[in-house]
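> What would the 3D arrangement of this be:
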Amino acid sequence: RIWLNRQITPQQARSTVPGRCFDGFRRYGDPKLAAAALGVKGTMPGGLDLFSPSPEADLRQAAALPEARLELGTRLLDGYGLAYLHGGGGRHRREAVINYSALMGHAQHDYLALYLFADEVAYLPDLGYPFTWDYRWQWDANLYTHNTVVVDGCAPLMPHQVAPGWASLLGDAGWVQAVAAAHEPYRPHPTSAAEQPPVSRYERLCVLVEESPEQAYLLDLFVVQGGRRHDQSWHSVTREPVLPDLPWSDQPSGTAAGPDVPFGGTYVNRRGQQTQDGLCYITGVKRAPLAEPATLHWDFGLREPVGLRLHVVPVDGPKELIFGGGRSPARPADWRLPYLFVRHESATEGLESRFLTVLEPYRGDATPRITSVQADGGWPLRVRVTRVGAVDEITIRAPAGPEGIRRGEDRVLGISVRTVVQGNAVRQ
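Numbering: from 1, shown residues only. Predicted structure coming up:
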């Protein structure tokens, strides 16, 4: 990372990567590091010593070896804490990524954040490095501004205070990939973390299903146990999405933290703590009950049709949708990033939530492919995704008792997918 005037630009951050890969190749001789140093365009990294012999010949010779090939596939970077679901090929290569890391140097509250890349497009872009450091914890690094779940409006522990998360399942059947990853960002302690909610399960399960060699969708299931309020956060690009046809109620004032909480103000969260978080910077708020599946549509507004449909399914009873746009106060007043929150809450402790969402990305053809998503059952949870020409039946078995889940425990966990065309199962 390069620091300049208290800011880090993505270009500066990326510029160090080839050079570090070259340093690694020079030290360890790994051909993969040689290939990474040259990059996809085969260009020499900058910043090399002009007064030393050129390493270009050795670098290119190593990068040409068969063992230098950088294979992409469904994989875990377990020491770092990233799970990748990989499918497709060429321009239609796609990956869904779950972040289950806990890195002291990273220091963002993005536990189990989700990212989706397909068709050379980032459909769930992250905020990245803070725009300025002044509002880092309230906005840029805040849990509410990432695609994950917040419990009771509480800030989780810092990354250096928790162990990395863990993956319990990883599978790749060619046309379908699946992963289950969990974390412990909330861990109450009577002296050091008495304000933390008692969360016993914080787990994300994703299934990437190929519809054709060019298209796929992602089923996302986030399961939380503990606390009294669960807020799932979704954002994509700065374009305003088309909201589902629901009885929306405009909030005349305030922010997503409440009608009496001004922009940049504070509020009291469900644990009785005075709080300033991402909700305090989201305005233009409207709310709607969610009793049936609903679809939100982001049109990215590019020269060719590119966008994302978010199919939100209220499993285990109604939820509340909260929509608005937010920004760090360091941004211009007309800068706005739309957010959708799915809220589930209870008056008592021990709330259990299952947030089910199907993400339908597209590029080139904006015609909706998924016509309905239905779900029923406890465990196993049975999800039926009806799309043009086929029905996918996805069964998820991931039960847990009232004590939740723990790292390394023996447990029942499984995912199956079956595709039916005109009444006949064509793949399973």
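
> which residues does the residue sitting furthest away from the middle of the chain contact?
Largest separation from the mean C-alpha position in the chain: Phe51, at 45.1 Å (CA atoms, centre = their mean). Not one residue lies near Phe51 by CB atoms under 8 Å, 6 or more residues apart in numbering. For every residue, glycine as well, the C-beta is placed using N, CA and C.

> pLDDT below threshold where in this structure?
1-17, 47-48, 50 (pLDDT under 70).

> how close does the residue farthest from the centre of the chain sit to Phe25?
Separation of Phe51 from Phe25 (CB to CB, to the nearest Å) stands at 20 Å.

> ok, now Ser328?
Distance, Ser328 to Phe25, by CB to CB: 39 Å.

> same deal with Arg406?
For Arg406, the distance to Phe25 - CB to CB - is 40 Å.

> same thing with Gln161?
35 Å.

> can you check Gln138 too?
41 Å.

> who touches Cys280 in this structure?
Here Cys280 is in contact with 138, 255-257, 261, 263-267 (CB under 8 Å, 6+ apart).

> could you redo the last one with a cut-off of 10 Å?
Going by CB atoms under 10 Å, 6 or more residues apart in numbering, Cys280 touches 138-139, 142, 144, 254-258, 261-267, 326.

> got the contact list for the nearest residue to it once chain neighbours are set aside?
Distance criterion CB to CB, 6 or more residues apart in numbering; nearest residue to Cys280, sequence neighbours excluded, is Ala257 at 4.9 Å. If you count contacts by CB under 10 Å, 6+ apart, Ala257 has them with 144, 153, 263, 265-269, 275-282, 285.

> Repeat the analysis, applying 7 Å as the threshold.
By CB atoms under 7 Å, 6 or more residues apart in numbering, Ala257 lies in contact with 267, 279-280.

> And it, how far from Tyr144?
To Tyr144, Ala257 is 10 Å away according to CB to CB.

> Need the overlap of contacts for the two.
Counting by CB under 7 Å, 6+ apart, the residues touching both Ala257 and Tyr144 are Leu279.

> what's around Arg427, how many residues?
The tally of other residues near Arg427 (other CB atoms under 10 Å) stands at 15.

> Surely it and Thr419 touch.
Yes - using CB atoms under 7 Å, Arg427 makes contact with Thr419 at a distance of 4.8 Å.

> Identify each buried residue in stretch 337-348, please.
Neighbour-count burial for stretch 337-348, counted by 16 or more other CB atoms under 10 Å, picks out 337-344.

> For Pro361, give its distance to Gly389.
18 Å.

> quick one: secondary structure of the nearest residue to Asn147 once chain neighbours are set aside?
Counting by CB to CB, 6+ apart, Leu114 is the residue found nearest to Asn147 once chain neighbours are left out, at 4.8 Å. What DSSP: H, G, I helix; E, B strand; the rest coil gives for Leu114 is strand.

> Leu114: what's it in contact with?
Neighbour list for Leu114: 96, 98, 124, 147, 204, 220 [criterion: CB under 7 Å, 6+ apart].

> Provide the partner residues of the residue positioned nearest the centre of the chain in its beta bridges.
The structure's the chain has its C-alpha centroid closest to Leu114; by CA atoms, centre = their mean the separation is 1.2 Å. Legend: beta-bridge partners of Leu114 under DSSP bridges are Ile98.

> just to revisit the earlier point, quick one: which of the buried residues of stretch 337-348 sit in strands?
Under the assignment DSSP state E, the buried residues of stretch 337-348 contribute 337-344 to strands.

> Next, give me the two most distant ones among those.
Maximum pairwise distance in those, criterion CB to CB, is 23.1 Å, between Leu337 and His344.

> Could you report the neighbour count for the closest residue to Met44 other than its chain neighbours?
In space, and not counting its chain neighbours, Met44 is closest to Glu56: 5.8 Å by CB to CB, 6+ apart. Neighbours of Glu56 under the rule other CB under 10 Å: 11.

> same deal with Pro289?
Burial measure for Pro289: 14 neighbouring residues, criterion other CB under 10 Å.

> what about it, distance to Glu403?
Pro289 is 32 Å from Glu403, by CB to CB.

> same thing with Gln161?
22 Å.

> okay, those two: which has more neighbours?
The neighbour comparison of Gln161 against Glu403 (other CB under 10 Å) goes to Gln161, with 14 against 10.

> now that one: how far from Met104?
Distance of Gln161 to Met104, computed by CB to CB: 9 Å.

> Quickly find the element holding Ala37.
helix 31-38 (DSSP states H and E).

> Could I get the contacting residues of the residue nearest to Asp119 when sequence neighbours are not counted?
Ranked by CB to CB, 6+ apart and with sequence neighbours excluded, the top spatial neighbour of Asp119 is Arg363, at 3.9 Å. Contacts here follow CB under 7 Å, 6+ apart; on that basis Arg363 touches 119, 121, 304-306.

> what sits opposite Arg363 in the beta ladder?
Beta-bridge partners of Arg363, as defined by DSSP bridges: Val306.

> And Tyr202, by the same measure?
Val224.

> Number of residues surrounding it?
Quick note: Tyr202 (other CB under 10 Å) scores 27 neighbours.

> I'd say it and Pro185 touch.
Yes - at 6.4 Å, Tyr202 counts as touching Pro185 under the criterion of CB under 7 Å.
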